[in-house]
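> Here is the input, now give the coordinates:
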Amino acid sequence: MSIALSGRPGVLARTAVLALALAALPLQAQQLVESFADVPALFSGNWVQVNRSSPAPDEATALNGFAQGFAPYFAAEGSAAEQYAQVSWRSTSSLLSGTISNWMITPVLNLFNGMEVTFHTRTFTSPHADRLQLRMSTNGASTNVGSLPTDVGDFTTLLLDVNPTLAAAGFPTTWTLQTVTVSGLASPTTGRLAFRYFVTGAGAGNGPTAPGNYVGIDTLTVMPVSLQNFSVE
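All right, here's what the predicted structure looks like:
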């Protein structure tokens, strides 16, 4: 392996070590980094989105799933204004009270205890409460989330639940770092992680303060165990 570097010696030395460490990582220690700069392109690749909300959306557009961020609401956490993923109340019919269960599923990952998952999320000040889950499936390439809005399919492991009680002011209104460490696996395995926008009693027909508004997700990192304490600062 050949590395050509220029710049500050101390930083360069640590960068070289990091590069070598990355090159030597075993398959099970892979890393996923996603800035959500082009959300539609994700679903032409290895990411999957599934909307199991009920009633079904009344708009046949990309806005009823996970879509590109909308800068007039708020800008991205760490990049250009619209470079984050968003999902909203449009996941279900805007006329009836319903249940939102909208999924954005990662590519297949090698999963093992101690693996760290971080991302940022937020909404904006609103009486409409939001909720976001991070779930895990250990069933290889499966994207099965069940057929009903209350089903989770193979994604039975709940890693994180942001605002599970749907409190009106319970979801962050500024970009907030979320950190999860995977545990409880009997052995390393393959599977997927999934963001689930999960809101009950949603829909404009349920009143001016009905749950379900708009959630942003940015700067996702799935960090291998061997690099969690490594820094190039």
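> Wait, residue 146 touches residue 153, no?
Yes: using Cβ atoms under 8 Å, residue 146 is in contact with residue 153, at 4.1 Å. C-betas here are computed from N, CA, C, even on glycine.
> Just the buried residues of stretch 74-94, please?
Within stretch 74-94, the residues scored as buried using 16 or more other Cβ atoms under 10 Å are 74-77, 82-94.
> Please narrow these to those residing in strands.
Among those, DSSP state E puts 85, 86, 87, 88 in strands.
> Now for these: which two are most distant?
Distance extremes for those: the farthest pair is 85 and 88 at 11.1 Å, using Cβ to Cβ.
> ok so, going back, so for residue 146 and residue 153, which sits in the more crowded spot?
Using other Cβ atoms under 10 Å as the criterion, residue 146 and residue 153 rank with residue 153 on top: 19 against 15.
> Under a three-state scheme, what state does the most centrally placed residue in the chain occupy?
Centrality entry for the chain: nearest residue to the mean C-alpha point is residue 195, 4.4 Å, by Cα atoms, centre = their mean. Using DSSP: H, G, I helix; E, B strand; the rest coil, the structure places residue 195 in strand.
> quick one: contacts for it?
66, 85, 87, 103, 104, 105, 132, 133, 134, 217 (Cβ atoms under 8 Å, 6 or more residues apart in numbering).
> Kindly provide the distance from it to residue 58.
23 Å (Cβ to Cβ, to the nearest Å).
> Okay, strands next: where are they in the protein?
32-34, 48-51, 67-68, 85-88, 98-105, 109-111, 116-122, 132-137, 157-162, 176-181, 189-202, 214-223.
> Figure out which of those strands is closest to residue 170.
strand 157-162 (8.1 Å).
> Show me where the protein dips below the pLDDT cut-off.
For the chain, applying pLDDT under 70 flags the ranges 1-30, 59-63, 204-206, 225-233.
> switch the cut-off to 50
Flagging of the chain using pLDDT under 50 yields the residue ranges 1-29, 227-233.
> returning to what we had before: between the strands of the chain, which one is nearest to residue 168?
Nearest to residue 168 among those is strand 189-202; the distance by Cβ to Cβ comes to 12.3 Å.
> Give me the buried positions along the closest one.
190, 191, 192, 193, 194, 195, 196, 197, 198, 199, 202.
> and those as TSV, adding distance to residue 37?
Below are the buried residues of strand 189-202 laid out as TSV (distance: Cβ to Cβ, whole Å):
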residue	distance to residue 37
190	26
191	25
192	21
193	19
194	20
195	17
196	22
197	20
198	26
199	26
202	28
